[in-house]
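**Q** Please find the sequence and the predicted model below.
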Amino acid sequence: MFPDENGIDGWLRYAPLSSELASQFKRYGNIIALRNDESSPVRTAAKEIQHGLKRILNQEANIGHDLITGSQVEGPATIVIGTVNSFSHAGGDVSHIAQLKEDGFWLHGDDYDNVQILGQNERGALYGAFAFLMLLAQGKQCPSAHVSNPSAPIRWVNQWDNLDGSIERGYAGPSIFFRDMVVQDDLTRVSQYARLMASVGLNGIIVNNVNSHHDLLSPRNLAGLGRIANAMRPWGVRIGVALFFDTPKILGGLSTSDPLDPGVIAFWDKITAQLYQHVPDLIGYLIKANSEGQPGPLTYGRTLADGANMFADALKRHGAGVVVYRAFVYNHHLDESNWKNDRANAAVEYFKDMDSLFEDNVLVQIKYGPIDFQVREPTSPLFAHLRKTPTIIEFQVAQEYLGQQSHVCYLPPLWKTILDFDLRVDGKPSLVRDIVSGERFGWNQSGYAAVVNVGSDSTWLGSHLAMSNLYAYGRYTWDPTSNEVDVIQDWTRLTFSSHSTVVDTVTSISMESWPTYENYTGNLGIQTLCEITKTCHYGPRPDAADGNGWGQWTRADAHAIGMDRTVATGTGYAGQYPVEVAEKFEKVKTTPDDLLLWFHHVPYTHKLKSGKTVIQHFYDAHYEGAANAQTFAPRWKAIQGLIDDSRFQHVLFRLVYQAGHAIVWRDSINEFYKAKCSIPDEQGRVGNYPWRIEAESMDLTGYAVVPITPFEAASGGKAIITTSNDKPGTAKYTVPFESGVYNIAVNYYDHLGGTSQYKLFVGGQLIGEWAGDLSKVLLHDFSDLRDGHSATRITFDTVHVNKGDVIELIGTPDGTELAPIDYVSFLPPGLVD
Ligand code: GCU
């Protein structure tokens, strides 16, 4: 019914309004753009409005440049776009326009439906144009005398793109910026990205990975960066780059990269001058140094301020850029045997005494929590320590620890736990959002960054639903008090449809998604219990947090779990907060349950405020989370036929996959902790799966039983794999269940290294066949092992089964993937095993 869409326009599709709704709008005949040079956002805005009117209302409007003063009362309405100043110079009356902040805009529809879109600057005019269009696309009239100002001047994204075209923590295909160590020739997607960014007020981007490479600054790439800047400038998006600290040594051939060495200073001076030639409006440099193996000033016996100031001076000599120095500095070889050690302490320890030492064009970029984008963390206490040095808060739109876009996880509810948090600096209200806006400490340069990592897939993030986070990120940087339901509903109307079933379905799934994910991946503040020592950060691996120097410890043993971060007996981290907050987190009694294990080491039998024990809460939450994840796909089906089939199926596939992987998570975590503490689930669910047939108990031909490591990543700790890598294996079993209708689920492992093929027969009937090609479909790298990342499930609904039927699974291996199977479940309708 609806033509298929691939997501390339994101929320800027400008779907036509129904003719009834469209008829309520005036005919807009003229667009007056008060500037017309190629790179001007005002010109871009005029063209965008012309395009939007055509799409949404099927109206043709002309673009002109001469202002006709006085309200146009007859004939088609006019839309004027420009800055407040240009409007005034052209003879317009600006006396009624309130003072605007940088990037702010005035949007006004008069009694005759003429529209004024006037920005404080040209970017502001473009933001106003998008605001007008996004209302129009939802069938809403232009407001009158509407003033809109951003909360903070810095509203940037970070891309972790590598020069070779890969993206660190990217889940949507290769880079749109780089390929084969150089900037790509065709930057069409880069302009399209800038358009999406501008539409939600994002005004800057760091285009390359914080783990940077010296070749970024080769002559060819400097010119390439100039082309990227040119592609984004018409959208009001300015670019900056992340630097590799040792570039002077590696690219420059110097003997050192010491920030106080005159040769090093001269090197950066020269590079900076060259970069400004290509990118005159450079936003500046982002620095990751002395972090996770990266060199930095400490490598050369200098302070962090010495390092930051070297770049700051170079930028000052040539332009107006800023140095953004990341606070993510920590030792990843921490000694776990010392209970006082704590990675969470690192940022404050490194930066608290640096506050007055940075140049005035240095900002510190702080991840929202002190560890690393976990499913729940307390606000970083560093926000309370830097008062002179302005800060940028770092979020992640890329769902690195939050399901990598293969699980739905709408992030504003998480962001709000941070932005609305009151740090009570000096006993005064100090909401994080007021600190990063600059208001609390009186800064004029501060704000937001988010690691986004769009890729070249047409969906940008690898999943249509995940795009709500990019849209919401922009909305929150503009107004951190935004209502998360309003935001998802606006996005849904723009992205899919205004049909109430569509809006309600997307809203309810989105609003439940983060708590659901938290429930089945790591609750009570224990963090996302995924594999952290290998690169993938995806599936369950609860033992990976401990036993290494990375410092994401849970300190779980047979009796107790959680990090003691109190001042009295623990690492002292709680004491890094201002006193009122510190006191609250110091005591178990006043620590909220959802952060209990972040701050305290307690027995599994400790009673929570809810009255449940810690361990029973674990079991119950994982069951609740996984059970709710089962409802997403069936609920999504309510919108079939109300949106195009391509996007409907794309999302459906992911929700079904998520439902299966949520069960993998639930069982892994629950089995792991049950084995650890030997306390059974009061409800008898953990370890008891009456509807499962374990593959290892089937009759096997060409298949053999193998143990799985870690044991909890397989039901019963074992699975089967084919005994050869080129011949199929068969697993058979006689159905022991009563005859009836069942949903049949097959749990298997889909890892890298090959694409196995599977067939399932019941009573001689082919029920389904499939391929182990998930990494190609979901666009992120699973592991190359049979583990919690690659464990997955396929389900065949409503199959009629007779007791005594033979079920037969045939797996054909490929490469190193030996058609591994864990178990088969026969689920009576409505039952989740
Ligand atoms: C995380 C992430 C890394 C990244 C790092 C950073 O640890 O897994 O890939 O480089 O954060 O923010 O610098």
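**A** Yes, it's here.

**Q** ok, for Ser212, nearest residue in space, not its chain neighbours?
**A** Phe244 (4.0 Å; Cβ to Cβ, 6 or more residues apart in numbering). In this view, the C-beta of every residue, glycine as well, is placed from N, C-alpha and C.

**Q** Surely the one you found touches His213?
**A** Yes. With contact defined as Cβ atoms under 8 Å, Phe244 and His213 form a contacting pair (5.8 Å).

**Q** what residues are up against the residue of the stretch 51-200 of the chain found nearest the ligand?
**A** Going by Cβ to the nearest ligand atom, the ligand is nearest to Glu168 of the stretch 51-200 of the chain, at 4.8 Å. The contact partners of Glu168, taken as Cβ atoms under 8 Å, 6 or more residues apart in numbering, are Trp160, Asn162, Asn209, Asn211, Asn453.

**Q** so where does Tyr276 fall, helix or strand?
**A** helix 262-278 (DSSP states H and E).

**Q** again, but for Thr78
**A** strand 77-83.

**Q** outside of that strand, which residues touch it?
**A** By Cβ under 8 Å, 6+ apart, strand 77-83 touches 26-35, 42, 45-46, 49, 61, 67-68, 72, 87, 90, 92, 112-122, 124-125, 128-129, 132.

**Q** between Phe244 and His213, who's got more neighbours?
**A** More crowded of Phe244 and His213, by other Cβ atoms under 10 Å: Phe244, with 26 against 21.

**Q** Okay, the more buried one and Ser257: tell me how far apart.
**A** The spacing between Phe244 and Ser257, counted by Cβ to Cβ, to the nearest Å, is 9 Å.

**Q** same deal with Thr613?
**A** Counting by Cβ to Cβ - Thr613 and Ser257 are separated by 53 Å.

**Q** quick one: which of the two has more around it?
**A** More crowded of Thr613 and Ser257, by other Cβ under 10 Å: Ser257, with 26 against 18.

**Q** my read: that one touches Pro295, true?
**A** Yes. At 6.6 Å, Ser257 counts as touching Pro295 under the criterion of Cβ under 8 Å.

**Q** what residues do the two have in common as contacts?
**A** In contact with both Ser257 and Pro295: Phe245, Asp246, using Cβ under 8 Å, 6+ apart.

**Q** ok, which residues in the stretch 51-200 of the chain are in contact with the ligand?
**A** Glu168, Arg169 (Cβ under 6 Å from any ligand atom).

**Q** Could you pull out the strands in the stretch 401-550 of the chain for me?
**A** 447-451 (DSSP state E, counting those that start in this stretch).

**Q** Is the spatially closest residue to Asp161 that is not a sequence neighbour within a helix or a strand, and which one?
**A** Among residues not flanking Asp161 along the chain, Ser175 sits closest, at 4.1 Å (Cβ to Cβ, 6+ apart). Using DSSP H and E, Ser175 is not contained in any helix or strand.

**Q** Return the residues in contact with Ser175.
**A** Contacts of Ser175 by Cβ under 8 Å, 6+ apart are Gln159, Asp161, Asn162, Gly165, Ser166, Ile167, Gln184, Gly455, Ser456.

**Q** Ok, Thr605 next?
**A** Thr613, Val614, Ile615, Ile679.

**Q** Pro219 too?
**A** Counting by Cβ under 8 Å, 6+ apart, Pro219 has contacts Gln274.

**Q** Relative to the ligand, how far out is it?
**A** 27 Å (Cβ to the nearest ligand atom, to the nearest Å).

**Q** Would you mind giving me the confidence score for that residue?
**A** Pro219 carries a pLDDT value of 97.

**Q** Over to Lys534?
**A** At Lys534, pLDDT is 78.

**Q** mind checking which helix or strand the residue nearest to it when sequence neighbours are not counted is in?
**A** Leaving aside its sequence neighbours, Lys534 sits nearest to Ser783 (Cβ to Cβ, 6+ apart; 7.0 Å). Under the criterion DSSP H and E, no helix or strand holds Ser783.

**Q** export stretch 22-32 as PDB, just CAs?
**A** Only the C-alpha atoms of stretch 22-32 are listed here, as PDB (Å, rounded to 0.1, in the frame of the first residue of the first chain):
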ATOM      1  CA  ALA A  22      -3.400  19.900   3.200                       C
ATOM      2  CA  SER A  23      -6.400  22.000   2.200                       C
ATOM      3  CA  GLN A  24      -6.300  23.700   5.600                       C
ATOM      4  CA  PHE A  25      -3.000  25.300   4.700                       C
ATOM      5  CA  LYS A  26      -2.600  28.500   2.800                       C
ATOM      6  CA  ARG A  27      -0.900  28.500  -0.500                       C
ATOM      7  CA  TYR A  28       2.700  29.600   0.000                       C
ATOM      8  CA  GLY A  29       3.800  31.200  -3.300                       C
ATOM      9  CA  ASN A  30       7.100  32.900  -2.400                       C
ATOM     10  CA  ILE A  31      10.100  32.200  -0.400                       C
ATOM     11  CA  ILE A  32      12.300  35.200   0.200                       C
END
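
**Q** Pull out the buried positions in that stretch.
**A** By neighbour count with 16 or more other Cβ atoms under 10 Å, stretch 22-32 contains the buried residues Phe25, Lys26, Tyr28, Gly29, Asn30, Ile31, Ile32.

**Q** same deal with stretch 320-328?
**A** Gly321, Val322, Val323, Val324, Tyr325, Arg326, Ala327, Phe328.

**Q** Export those residues as CSV, with columns for distance to Ser291 and secondary structure.
**A** Conversion of the buried residues of stretch 320-328 to CSV gives the following (distance: Cβ to Cβ, whole Å; DSSP: H, G, I helix; E, B strand; the rest coil):
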residue, distance to Ser291, secondary structure
Gly321, 22, coil
Val322, 19, strand
Val323, 15, strand
Val324, 14, strand
Tyr325, 11, strand
Arg326, 7, strand
Ala327, 9, coil
Phe328, 5, coil
